[in-house]
Structures are given as structure tokens and as C-alpha cells.
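A.B. asks: With the input below, show me the fold.
(one chain, ligands or ions: 1)
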Amino acid sequence: MNEPIIILDKIQKDYGDLKAVKEVSLSIEKGEIYGLLGPNGAGKSTTIKMICGVIKPSGGTGRVLGYDVYKHSNLIKNGIGYMSQKFSLYEDLTVIENITFFANIYGLSKNEIKERIVQIVEMAGLNGREHQLTGHLSGGWKQRLALGCAIIHKPKLLILDEPTAGVDPVSRRLFWEMLFELSRQGITILVTTHYMDEAQSCDRVGFIFSGRKLIEGVPKALIKTHNANNLEDVFIELVEEVTHTSIKHSFDNLRFIKEKEAKDESI
Ligand SMILES: Nc1ncnc2c1ncn2[C@@H]1O[C@H](COP(=O)(O)OP(=O)(O)OP(=O)(O)O)[C@@H](O)[C@H]1O
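C.D. replies: Residues are numbered from 1 along each chain as shown. Have a look, this model is predicted:
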């Protein structure tokens with residue numbers, strides 16, 4: 001059997017006295033879409049940084065794409081595609097110029113670049129906009145272009161840190177259609193999101209709270225076993241159990257989807 005694409009065993013990260021990530025274990029298979037969920041400050045970004053080889057864990061073990069997170073961080077970095085909510089596109093370059101820029105960073109040949117421009121423009125639905133300045137594109141187009149640039153080097157693992165934050169619901173749907181297609185092609189996707197509809201679109205989700213993974217599973221199964229209406233209710237129930245406080249009517253401590261919903265409504 002092939003090794004999972006991501007395998008963490010009791011990984012930890014301490015910042016001085018603060019235990020940002022506490023013995024988190026994860027195993028993510030090829031082609032899976034895995035959602036890492038949790039409120040702000042839960043430890044999601046820190047976990048992602050350890051997976052990407054950007055920071056070294058304080059304890060535990062981890063292998064990503066078959067490489068050790070302590071010893072082979074450069075090989076891991078080369079093998080992944082990464083996109084965050086700050087898209088990292090150049091607004092003063094055209095669509096094609098942005099794609100070419102990222103292709104050059106990864107050392108693609110002229111022919112490969114030509115091929116990838118066609119593929120990415122097609123995938124992102126940017127036909128007819130190839131020579132438009134990126135700064136003039138709407139949020140949804142930029143986001144799809146950014147995803148195209150993140151996979152320019154055909155990575156086997158794609159890491160998306162709140163990639164749809166602040167993007168309108170229709171564009172989010174189109175973006176997820178792209179993710180489903182990439183997953184069908186065998187690309188593994190690790191995504192963080194505050195949107196519950198997106199969380200429910202993942203093959204599996206893991207919920208992190210205060211540095212610990214509290215629960216993991218297939219969204220529908222989690223909802224069913226907890227006799228809940230949705231994932232949000234499952235997570236709120238768990239946080240209430242752990243903190244011994246009632247947060248059902250107060251999301252102040254769990255800025256989970258409230259803020260994002262407000263943004264959606266204002267679009
Ligand atoms: N470089 C750092 N030095 C000290 N503390 C840090 C550092 N990076 C993160 N932390 C702390 O570690 C904890 C986990 O932070 P992390 O960014 O991983 O949370 P998160 O779940 O990604 O939150 P968000 O959704 O806001 O990005 C927080 O208490 C944060 O303040």
C-alpha cells in the first residue's frame with residue numbers, strides 16, 4: 001500500500017510557554033480533500049506551516065510526500081502548491097504575464113509555459129481575458145487565476161489557507177468545482193475554511209481547538225453520529241464539552257462563520 005501523502009504523528013509546536021499545536025496526528029490519502037477547521041488561533045496555520053516545511057516541529061514526527069518534515073523541508077516545499085487568502089498575484093501584470101512569471105519561478109521550459117497558459121486559462125474560465133490586467137479582474141477571477149498559478153508546477157499536494165475568504169458565493173462554488181476536478185486527477189488537497197458549506201464539501205474534516213485535534217471524520221457521518229443539524233453544531237457541542245461553557249448563543253469566542261456570513265451578505 002502507498003504511504004499517505006501527509007502523515008503526522010503527535011506533532012507539536014511550542015512558542016516559549018505557548019503550546020500552539022499539541023500532539024496532532026493526521027493521515028491524508030492521495031486525492032483526498034481534507035478540511036482543517038477551527039476558530040482563530042486554534043493552531044491551523046501553525047500545523048500547515050509544519051506540513052509545508054516552513055517551521056520545524058517541537059516534537060512528534062511527520063512525513064509529507066514521502067519526505068521527513070525535519071530533514072527534507074526543501075523537497076517538501078518544491079512538491080507542494082500553496083495558496084492563501086492573500087493571492088500573491090501581481091495586479092499590474094496581465095493574466096498571461098502572471099502565469100508566465102510563476103512558470104519561470106518554477107523553471108518551466110518555453111514549451112511547457114505555452115502549454116500551461118492554455119490549460120490554466122481554460123481551467124480558470126479566463127478565455128478572452130488573457131491580456132487583461134489582473135488588477136482589473138473581479139475577486140472570483142483573481143482567485144481562480146491564483147489557484148492556476150499555485151499548481152503551475154503540477155504539485156501532488158495543494159495547500160489552501162482560507163482561499164475563498166471574502167469571495168462571493170457563486171465564485172466560491174466555481175472554485176470548489178475546480179478543487180473537485182483536481183482531486184479527481186489525484187491531487188491531494190488540504191484546505192482551511194470558515195465556511196460550513198465548504199467544510200461539508202470535504203471528504204473528511206478535522207476540527208482543531210486550542211492546539212488539539214478534537215474530532216475528525218466524514219462530514220455527513222459526524223453530523224449523523226452527533227445527531228446534529230450541521231457541522232457547526234457538532235463543533236460547538238464539542239467546544240462546550242471541553243471548555244465547560246455555553247457558547248450556543250454566543251459566537252464571540254468562536255469567530256467561526258459569523259464574520260464571513262456578514263461579508264457574504266454585503267456582496
Ligand atoms: N510565530 C509565533 N510566535 C508566537 N506565537 C505564535 C506564532 N505563530 C502563531 N502563534 C500563536 O499560536 C497559536 C496558534 O496560531 P495559528 O496562527 O496557528 O492559529 P490559526 O488556527 O491558524 O488561526 P487563524 O484562523 O487566525 O489563522 C495562537 O495563539 C498564535 O497567537
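A.B. asks: So which bits of this structure are right by the ligand?
C.D. replies: 15, 18, 20, 38, 40, 41, 42, 43, 44, 45, 46 (C-beta under 6 Å from any ligand atom). Quick note: C-beta positions are derived from backbone N, CA and C, even for glycine.
A.B. asks: Report the mean confidence score over stretch 108-123.
C.D. replies: Stretch 108-123 shows a mean pLDDT of 94 in the predicted model.
A.B. asks: picking that back up, so which pair among the residues of the chain next to the ligand is furthest apart in space?
C.D. replies: The largest separation in those, counting by C-beta to C-beta, is between 15 and 38 at 17.2 Å.
A.B. asks: So which of these two has more stuff around it?
C.D. replies: More crowded of residue 15 and residue 38, by other C-beta atoms under 10 Å: residue 38, with 25 against 11.
A.B. asks: residues in contact with the more buried one?
C.D. replies: Residue 38 is in contact with 44, 207, 208, 209, counting by C-beta atoms under 8 Å, 6 or more residues apart in numbering.
A.B. asks: I only care about those that end up buried; give me the PyMOL line for that.
C.D. replies: Applying 16 or more other C-beta atoms under 10 Å to these, the buried members can be selected in PyMOL as follows:
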select buried, resi 44+207+208+209
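A.B. asks: between the contacts of residue 38, which is nearest the ligand?
C.D. replies: Set against the ligand, the nearest of those by C-beta to the nearest ligand atom is residue 44 (3.5 Å).
A.B. asks: in stretch 101-114, what's buried?
C.D. replies: Here stretch 101-114 shows 102, 103, 106, 108, 113 as buried, counting by 16+ other C-beta under 10 Å.
A.B. asks: cool, and stretch 63-71?
C.D. replies: Of the residues in stretch 63-71, those buried (16+ other C-beta under 10 Å) are 63, 64, 65, 67, 69.
A.B. asks: tell me which of the residues you listed is nearest to the ligand?
C.D. replies: Using C-beta to the nearest ligand atom, residue 69 comes nearest to the ligand of the buried residues of stretch 63-71, at 15.8 Å.
A.B. asks: Is the closest one in contact with residue 54, as I believe?
C.D. replies: No. With contacts counted by C-beta atoms under 8 Å, residue 69 stays clear of residue 54, the gap being 10.0 Å.
A.B. asks: Give me the nearest residue to residue 35, chain neighbours excluded.
C.D. replies: Excluding the flanking residues, the one nearest residue 35 by C-beta to C-beta, 6 or more residues apart in numbering is residue 202, at 3.6 Å.
A.B. asks: and residue 75, what is it in contact with?
C.D. replies: Counting by C-beta under 8 Å, 6+ apart, residue 75 has contacts 65, 67.
A.B. asks: Same question for the one 5 residues further on.
C.D. replies: For residue 80, the residues meeting the contact criterion (C-beta under 8 Å, 6+ apart) are 52, 64, 65, 155, 156, 157, 158, 159.
A.B. asks: So of the residues you listed, which two are at opposite extremes in space?
C.D. replies: The widest separation within the contacts of residue 80 (C-beta to C-beta) is 13.5 Å, between 52 and 156.
A.B. asks: more crowded one of these two?
C.D. replies: residue 52 (20 against 16).
A.B. asks: Counting by contacts, list what the top helix by length along the chain packs against.
C.D. replies: Looking across the chain with DSSP state H, the single longest helix is helix 169-184. For helix 169-184, the packing partners by 3 or more C-beta pairs under 8 Å, 6 or more residues apart in numbering; DSSP states H and E come out as strand 33-37, helix 139-150, strand 188-192.
A.B. asks: quick one: buried residues of it?
C.D. replies: 171, 172, 174, 175, 176, 178, 179, 182, 183.
A.B. asks: From these, pick the one nearest the ligand.
C.D. replies: Proximity of the buried residues of helix 169-184 to the ligand (C-beta to the nearest ligand atom) peaks at residue 172, which lies at 17.5 Å.
A.B. asks: Kind regards, and thank you for your time.
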